[in-house]
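Q: requesting a structural model of the entry that follows:
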Amino acid sequence: MSRRHVLQTGATVTGIAVAGCLGGGGDGSIGYISRGGTTQDTEREVMEQWSEESGVEIEHQEVADDTEMITLIAENPDEFDLTNPAPWGFTLHELEHDGELFAPIDFDQIPNYDDIADPWQNAPFIEGRDYGAFYYISTQGIGYNTDEIDEITSWDDIKDDDLDGQLALFDSAPARFGNSCANLGLDPGEAAQDDDLLDDVIDEMEEQHQNAFGYWGAGDQLMQWMREEQAYAACAWGGRIENLREDGYPMEYVIPDEGCVTWSTAFTIVEGTDMREEVHDLLNFLYEEENAIQLSTGHQYPIPFEDPPEEMTERADYTEHPDDLTWIDWDAILPVQDDLELAHDEIKAS
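A: This is a model prediction of the structure:
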């Protein structure tokens, strides 16, 4: 598989540039690279409290997705110290960069991490990887307008004829594949390696498509369609729907009974940082319960404590155990990626 194809799997990257002089270059500040929008705004606010206590500044770099994140770090390794990839980012790190971008974490220097629930400390995408510290749960279930729809509990509900032309889906072949696997009770990795199961999942992708009027690629597009009632229901990020609800829109988010895909994230330290001690101290600060609550209630994504406070459990994405979600096995998906992309494009055009 070519480097170009692998990068296209996650997203198309064009015109990437580092915004300003960041940390990691010996200037005494920490360079943190993360997703933009509400998530980064919240992180900036909470991290500023640590900066005031420690005297160490944090420079923030915004990216749209894991592909851009990993590409920027690989091309500018001295400019960054800390980041938080989702599973695809960790896959790119190993597949394209021989696992050399990230450094092992010294968990003894992050005692507050012990408060994270054990199953999440061993979530599938960081299990056996000493360079990943679980951060927050992110799921892609179903958001819906409660003024127009009484209740949604299953993926089968989005196939209802009443939703004809009122459904929006996420424009990602792996996500569509994963959520279709969830509805069929299949493991995505096993389905990707079995031709008959693969055909069954593609048929399910097509069935879920029947009521769709469009596919969104950016979260802002999703929110616009929901706000303007172009979409009564959508495959959605839980945090985005929760933000709409807080803005007064009649929205509800559900992880369907069958489960859904997760794009949860983990913190990782960039190899070669000269701010290792400071980064560990920052992470320990972020895992203090009161600071973690501030993060979670700001960006809406729950941080799974062993004894979770209500502020975490009431988040739309909250899930007790990682086994309750559907995890994309990228090692199994990549060999059939071309087939999935082709099927996804044909379904969208039908």
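
Q: contacts, neighbours, all on C-alpha from now
A: OK.

Q: any low-confidence regions in the chain?
A: Counting by pLDDT under 70, the chain contains low-confidence ranges at 1-26.

Q: okay, domains of it per the record?
A: Split into domains by automatic domain parsing, the chain comes to 3-137+263-319, 140-261+330-349.

Q: quick one: the spatially most central residue of the chain from Tyr301, how far?
A: Central residue of the chain (Cα atoms, centre = their mean): Trp263, 3.2 Å from the mean position. Trp263 sits 11 Å away from Tyr301, going by Cα to Cα, to the nearest Å.

Q: and Tyr144, that's in a helix?
A: No: with DSSP: H, G, I helix; E, B strand; the rest coil as the criterion, Tyr144 is assigned strand and is not in a helix.

Q: so how far is stretch 155-170 off the chain centroid?
A: The chain centre lies 23 Å from the centre of stretch 155-170; the measure is Cα atoms, centre = their mean, to the nearest Å.

Q: rewinding a little: which phi and psi does the residue nearest to the centre of the chain have?
A: Trp263 adopts backbone torsions of phi -120, psi 40, taken as degrees, to the nearest 10.

Q: with Gly189 as the reference, measure out to it.
A: Per Cα to Cα, Trp263 is found 16 Å from Gly189.

Q: and if you look at Leu167?
A: 27 Å.

Q: following the helix or strand His280 falls within, which helix or strand shows up next?
A: Assessed by DSSP states H and E, His280 sits inside helix 276-286. Next along the chain after helix 276-286, taking DSSP H and E as the criterion, comes helix 289-299.

Q: mind listing residues that contact that next one?
A: The list of residues contacting helix 289-299 from outside it, by Cα atoms under 8 Å, 6 or more residues apart in numbering, reads 38-39, 42-43, 46, 239, 285-286, 302-303, 311-312, 315.

Q: next, the buried residues of that helix.
A: Buried residues in helix 289-299, counted by 16 or more other Cα atoms under 10 Å: Glu289, Asn291, Ala292, Ile293, Gln294, Leu295, Ser296, Thr297, Gly298, His299.

Q: which stretch of helix or strand covers Thr67?
A: Assessed by DSSP H and E, Thr67 sits inside helix 66-75.

Q: give me the distance from that helix to the chain's centre.
A: 16 Å.

Q: can I get the CA coordinates of that helix in PDB?
A: C-alpha atoms of helix 66-75 as PDB (Å, rounded to 0.1, in the frame of the first residue of the first chain):
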ATOM      1  CA  ASP A  66      -5.500  12.500  12.800                       C
ATOM      2  CA  THR A  67      -3.900  12.500   9.400                       C
ATOM      3  CA  GLU A  68      -3.000  16.200   9.600                       C
ATOM      4  CA  MET A  69      -1.900  15.700  13.200                       C
ATOM      5  CA  ILE A  70       0.500  12.900  12.400                       C
ATOM      6  CA  THR A  71       1.800  14.600   9.200                       C
ATOM      7  CA  LEU A  72       2.600  17.800  11.100                       C
ATOM      8  CA  ILE A  73       4.400  16.000  13.900                       C
ATOM      9  CA  ALA A  74       6.400  13.900  11.400                       C
ATOM     10  CA  GLU A  75       7.400  17.000   9.400                       C
END
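
Q: tell me what that helix is packed against?
A: Under the contact definition 3 or more Cα pairs under 8 Å, 6 or more residues apart in numbering; DSSP states H and E, helix 66-75 sits against helix 3-10, helix 87-97.

Q: and the gap between Val46 and Ile255?
A: Remark: distance between Val46 and Ile255 (Cα to Cα) = 28 Å.

Q: ugh, typo on my part, it should be Leu169
A: Leu169 is 15 Å from Ile255, by Cα to Cα.

Q: ok and the helix holding His280 relative to helix 289-299, angle-wise?
A: Note on geometry: by axes from the mean of the first three to the mean of the last three Cα atoms, to 10 degrees, helix 276-286 and helix 289-299 are set 80 degrees apart in direction.
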